[in-house]
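**Q** What shape does this take:
(4 chains)
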2 protein chains.
Amino acid sequence: MISIKDIAKQAGMSAATVSRVVNGKNNVNAEKRKQILEIIEETGYVPNKAARSMVLQRSFTVGIVIPDTFNMFQRQLFSIIERYLETFGYHTIFFFVQFETSSEETCLNRLKAETLDGIILIHEIKIPAFYDYLLRTGLPAVTATFSYPGIASIHVNEEQASTDAVNHLIGLGHRKIKMISGDGFTFGRQRAEGFFQALTAADIPWEERSVVFVPHYTSEFGMYGMRELLLRDRDFSAVFAATDELAIGAIRVLKDEGIRAPEDVSVIGFDDIDISSYIVPRLTTIRQPLGEMGEQIALTLHRHISGMNSDTRQQVFSYRLIVRESTCAAAR
Amino acid sequence: MISIKDIAKQAGMSAATVSRVVNGKNNVNAEKRKQILEIIEETGYVPNKAARSMVLQRSFTVGIVIPDTFNMFQRQLFSIIERYLETFGYHTIFFFVQFETSSEETCLNRLKAETLDGIILIHEIKIPAFYDYLLRTGLPAVTATFSYPGIASIHVNEEQASTDAVNHLIGLGHRKIKMISGDGFTFGRQRAEGFFQALTAADIPWEERSVVFVPHYTSEFGMYGMRELLLRDRDFSAVFAATDELAIGAIRVLKDEGIRAPEDVSVIGFDDIDISSYIVPRLTTIRQPLGEMGEQIALTLHRHISGMNSDTRQQVFSYRLIVRESTCAAAR
DNA sequence: ATGAAAGCGCTAACAT
DNA sequence: ATGTTAGCGCTTTCAT
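**A** Predicted coordinates for the structure are as follows:
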């Protein structure tokens, strides 16, 4: 490995001068600068990151905590965040965490071992020790798609969005509406809450069993959820799925059962993942403003890190109902 | 940040002893070991990774180079690789690269700045400087889904698999078969090659224009490709799409045009991504053995790193044709 | 068994 | 403007 000393030696100057050149300080003789730059060029020298972050006590690296089974929404979100972070000069390091508490603890330990400038959570960690650490060390942090007291957060109004999704169904004349959600994370419960609220507001009677809660927000469990719904009571004309993946699985089962979507049963999803506009039928769904959210997440973190601003307010983004083919007017 | 010195001071011992305990050396008094362990426990001390990798000249970290627009196949693959690497005690750091050459250069520079134990390419880098660096420094490397002379690689026989995919179509009685592929990467050209070979072997005449090459392997471009195919000549009964995403877009256009899939046009994909078994119609496709490939990639790299073995042969995995609903016998 | 000291690659404070 | 020096947190000789 080629180091700063090698460059210094080759140039016949001190490491300090090379360092100055590398870091763009201006108190360096133009002649020497040029000479050093040339040597760097031809040797392909790049400063060692570990050494750099050790002296500087910062790494220009931010961590992103994300479920190891991240879904497509999360996948799109972190790509955008990554892109913005890069424009601010940060690198990214991922912490994939599984559902077990032990995995969250491992993640916390890794986090402690790294010299991070900040951290973004796209995954709702359950152990309090994690947030305690963040709060205690004052490590700049942003939570995305959920919130935690004392930490800046960015998300949409999940309940309101869900209510709107259900209202779309109600507006189409549906009265017998079910839901598939998950109980693993806050957003799943919030979306269910919004579902109940819409029904209540429309004077449509409902019971707890109107929602089936599945363990994961995947298409596989979307199938499971729809089968369960069908088993409980076939008498419904619309279903609200808490994520698009869930909706895709639900439609799959409908099709297998010879039930048409949307003619017999309308299905609405949530997230508007890429694939949703290509499948048959195209999915009606709630779109979260990925681009803006991603930008704001990166920007908020950057502000905290650079000490420009460190308020930890929640930033609530607006969503949009995207009407496509998977929902239609209720048969009368 | 709490350091090894803090622990040493609290224990009234030297940093060296703490280091020995942390690293499980056995030449430490049992009493003291216990005492130190306790302090570590209550303080939540974790050794700093940057400092560690600096002295050790290794980081227990491997880099994964992946397109920033990674598709679902790649996404599944790297999750599996990550899982295996973890069992070997490695951490992972991602290098997202875009299509531009400049992005590949940036990636190379970042790579140089990191103290990596090894690297995995799930993305076919184009600039030779990249491979030169790998070869010159002897950094343990594995390429996945493509190969490069002198570097260990893991992949399926793309051409043979494609030939088999097309043979499935031919076996179903199809004679007028088209293809949608991409020319961006070797695998796209290989898959097209397999397509031509199958046709040739079956004495079916073909022309270059039987394949439309699109810039990206996404559903969006699957739509584009199918539109182009329809424009050129509507007279075909089957299409081979080089990836499942492409197939999904292709089916979308068919549906929009009132052409039934598979009754009017059969469509076969490649990769067997998760979603393929949930969409309507379920996709007939070629499955790459993700699990085994992922394991072998991690294992091969680990062997190189630990010097157990450093041969750079290509490992070719077997694939499997998965027949589902998007293909059927040709109308006669 | 334990501690002191050197050094990994780098930057910044301090001299000059 | 440039070099010398100290030190970031850690591990590893080398003494003892």
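
**Q** who are the neighbours in contact with the closest residue to DNA strand C within the stretch 151-300 of chain A?
**A** Nearest residue of the stretch 151-300 of chain A to DNA strand C: A:Ala298, at 23.7 Å (CB to the nearest atom of the strand). The way it works is simple: take the backbone N, C-alpha and C, and place the C-beta from them, glycine included. The neighbours of A:Ala298, taking CB atoms under 8 Å, 6 or more residues apart in numbering or on different chains as the test, are A:Ile81, A:Tyr84, A:Leu85, A:Phe88.

**Q** Specify which member of those is nearest to A:Ser310.
**A** A:Phe88 (15.9 Å; CB to CB).

**Q** how about that closest one, phi and psi?
**A** Main-chain torsions, A:Phe88, degrees, to the nearest 10: phi -90, psi 0.

**Q** For it, which non-adjacent residue is spatially closest?
**A** In space, and not counting its chain neighbours, A:Phe88 is closest to A:His302: 4.7 Å by CB to CB, 6 or more residues apart in numbering or on different chains.

**Q** can I have the helix or strand containing that neighbour written out in CSV, keeping just the CAs?
**A** Per DSSP states H and E, A:His302 falls inside helix A:290-305. The C-alpha coordinates for helix A:290-305 follow below in CSV (Å, rounded to 0.1, in the frame of the first residue of the first chain):
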residue,chain,number,x,y,z
LEU,A,290,-39.6,9.4,-2.1
GLY,A,291,-37.5,12.0,-3.8
GLU,A,292,-38.4,14.8,-1.4
MET,A,293,-38.2,12.6,1.6
GLY,A,294,-34.9,11.2,0.7
GLU,A,295,-33.5,14.7,0.1
GLN,A,296,-34.8,16.0,3.3
ILE,A,297,-33.5,13.0,5.3
ALA,A,298,-30.0,13.6,3.9
LEU,A,299,-30.2,17.3,4.3
THR,A,300,-31.5,17.2,7.9
LEU,A,301,-28.7,14.8,8.9
HIS,A,302,-26.1,17.0,7.1
ARG,A,303,-27.4,20.0,9.0
HIS,A,304,-27.1,18.2,12.3
ILE,A,305,-23.6,17.0,11.5
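
**Q** hmm, back to that, list only buried entries from the contacts of A:Ala298.
**A** The neighbour count (16 or more other CB atoms under 10 Å in any protein chain shown) marks A:Ile81, A:Tyr84, A:Leu85 as buried among the contacts of A:Ala298.

**Q** could the residues you listed be laid out in a markdown table, adding pLDDT and distance to B:Val166?
**A** Formatted as a markdown table, the buried ones among the contacts of A:Ala298 follow (pLDDT from 0 to 100; distance: CB to CB, whole Å):
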| residue | pLDDT | distance to B:Val166 |
| --- | --- | --- |
| A:Ile81 | 97 | 41 |
| A:Tyr84 | 97 | 43 |
| A:Leu85 | 96 | 43 |
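
**Q** Any chance of these in TSV with secondary structure as columns?
**A** What follows is these, written out as TSV (DSSP: H, G, I helix; E, B strand; the rest coil):
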residue	secondary structure
A:Ile81	helix
A:Tyr84	helix
A:Leu85	helix
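
**Q** that older thread, and the residue nearest to A:Phe88, what does it touch?
**A** Here A:His302 is in contact with A:Leu85, A:Phe88, A:Tyr90, A:Gly118 (criterion: CB under 8 Å, 6+ apart).

**Q** and the gap between the first one and A:Val166?
**A** When distances are taken as CB to CB, to the nearest Å, A:Leu85 and A:Val166 turn out to be 36 Å apart.

**Q** Pull up the gap between the closest residue in space to A:Gly291 that isn't next to it in sequence and A:Lys34, please.
**A** Leaving aside its sequence neighbours, A:Gly291 sits nearest to A:Ile80 (CB to CB, 6+ apart; 6.1 Å). To A:Lys34, A:Ile80 is 39 Å away according to CB to CB.

**Q** quick one: which of the two has more around it?
**A** Set side by side, A:Ile80 and A:Lys34 show more neighbours around A:Ile80, with 18 against 11, by other CB atoms under 10 Å in any protein chain shown.

**Q** Assumed that one was part of a strand.
**A** No: A:Ile80 sits outside any strand when classified using three-state DSSP, being helix.

**Q** Next one: it, what pLDDT does it get?
**A** Per-residue pLDDT puts A:Ile80 at 96.

**Q** now swap in the one 10 residues further on and tell me
**A** Each residue has a pLDDT score; the one for A:Tyr90 is 96.

**Q** swap in A:Thr327?
**A** The predicted local confidence for A:Thr327 is 98.

**Q** Burial check on it, number of neighbours?
**A** So A:Thr327, with other CB under 10 Å, has 28 neighbours.

**Q** Quickly find the element holding it.
**A** Applying DSSP H and E, one finds A:Thr327 in no helix or strand.

**Q** which residues does it contact?
**A** A:His168, A:Leu169, A:Leu172, A:Ala238, A:Pro262, A:Ser266, A:Val267, A:Ile268, A:Thr284.

**Q** Tabulate these (a markdown table), appending neighbour count.
**A** A markdown table is the format used below for the contacts of A:Thr327 (neighbours: other CB atoms under 10 Å in any protein chain shown):
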| residue | neighbour count |
| --- | --- |
| A:His168 | 21 |
| A:Leu169 | 26 |
| A:Leu172 | 18 |
| A:Ala238 | 26 |
| A:Pro262 | 22 |
| A:Ser266 | 26 |
| A:Val267 | 26 |
| A:Ile268 | 30 |
| A:Thr284 | 25 |
